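Trainee: give me coordinates for this.
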Amino acid sequence: MRELALFPLNIVAFPGEAVNLHIFEPRYKELIGDCLREGSTFGIPSYVLSKIELGTEMKIMDVTKKYEDGRMDIKTVGLETFKVLDFQNPWKGKQYAGGKVEYVISKDVKDISLLVQFKELVADLFTWLGEVDVPDISTIQSVYDIGHKIGLKPEEEYQLLVMTNENERLKFVIAHLEKLIPALERAQNAQEKIKQNGHFKHLDPLKF
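Mentor: Numbering: from 1, shown residues only. Now for the predicted structure:
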């Protein structure tokens, strides 16, 4: 258990994920300023279910731009997932929130066959979508590596944080993709049929 400054957002930040933030509110300018001065981290509790429960610890990697009014553009990276035990807003006389958190222990031992199946489905998805700006499939080693690019709803992304086993996460996204890809195929077929409506068709007459 430890204490951490907290920056609740309506997003899910995954461990290992690079997150770029534009800091403009006075309380969060103070939070980031404190982290930079002290060399400390902060947490992003995911507020996608309208509650403060789980989040990810973030490390500031770079301040890419500072504005005259104190606003900042920063680059951060996710470290570990945590559970919020005590949320205080404001925290310790600061403008921003903070509290006690407990790190979530995750079992990252992967079933390689599940990982291979996941990567094959991701490749199929990108083929259907015609995506060009996507990571090299061969570099994917975790669901978190590509969790925001496979069509999950925010609350489904949050479920990935809840899961403490990588194989459980793999099974979850495999089931998602096995439903999504056929749906994309059906949608494309329907679109092609709709385009044909109104066109003159050459049809062979039926012989009775």
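Trainee: next, the residue most central in space within the chain: secondary structure please.
Mentor: Taking Cα atoms, centre = their mean, the centroid of the chain lies closest to His148, which sits 4.3 Å from it. Secondary structure of His148, reduced to three states by DSSP: H, G, I helix; E, B strand; the rest coil: coil.
Trainee: ok, the longest strand along the chain: who's next to it in the sheet?
Mentor: Residue-count comparison of every strand in the chain, with assignments taken from DSSP state E, identifies strand 72-88 as the longest. As defined by DSSP bridges, the strand partners of strand 72-88 come to strand 18-23 (antiparallel), strand 54-66 (antiparallel), strand 97-103 (antiparallel).
Trainee: which one of the ones you listed lies nearest to Phe126?
Mentor: strand 18-23 (19.9 Å; Cβ to Cβ). Bear in mind the C-beta positions are built from the backbone N, C-alpha and C, glycine included.
Trainee: pull the closest one out as CSV, backbone CA atoms only.
Mentor: As requested, C-alpha coordinates have been extracted for strand 18-23 and formatted as CSV (Å, rounded to 0.1, in the frame of the first residue of the first chain):
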residue,chain,number,x,y,z
ALA,A,18,2.0,5.7,-23.7
VAL,A,19,-0.5,8.4,-22.9
ASN,A,20,-0.2,12.0,-24.0
LEU,A,21,-2.0,14.6,-21.9
HIS,A,22,-2.7,18.3,-22.2
ILE,A,23,-2.7,19.8,-18.7
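Trainee: can you list the buried residues in that strand?
Mentor: Taking 16 or more other Cβ atoms under 10 Å as the neighbour-count basis, strand 18-23 is seen to contain the buried residues 19, 21, 23.
Trainee: now do that strand: distance to the chain's middle.
Mentor: Its chain's average C-alpha position is 13 Å from that of strand 18-23, according to Cα atoms, centre = their mean, to the nearest Å.
Trainee: stretch 164-174 too?
Mentor: From the chain centre to the centre of stretch 164-174 is a distance of 15 Å (Cα atoms, centre = their mean).
Trainee: hmm, who's touching it?
Mentor: The set of residues that contact stretch 164-174 without belonging to it, under Cβ atoms under 8 Å, 6 or more residues apart in numbering, is 104-111, 114-115, 117-118, 121, 142-144, 147, 150, 152, 159-160, 163.
Trainee: pull out the buried residues from the residues you listed.
Mentor: If we count by 16+ other Cβ under 10 Å, those have these buried: 104, 106, 110, 114-115, 117-118, 121, 142-144, 147, 150, 152, 159-160, 163.
Trainee: now, which of the residues you listed lie within helices?
Mentor: 114-115, 117-118, 121, 159-160 (DSSP state H).
Trainee: nearest to Ile60 among those residues?
Mentor: Distance to Ile60, by Cβ to Cβ, is smallest for Leu160 among those, at 23.7 Å.
Trainee: list the contacts for that closest one?
Mentor: Residues in contact with Leu160 (Cβ under 8 Å, 6+ apart) are 12, 14, 143-144, 147, 152, 169, 172-173.
Trainee: perfect, I'm done here.
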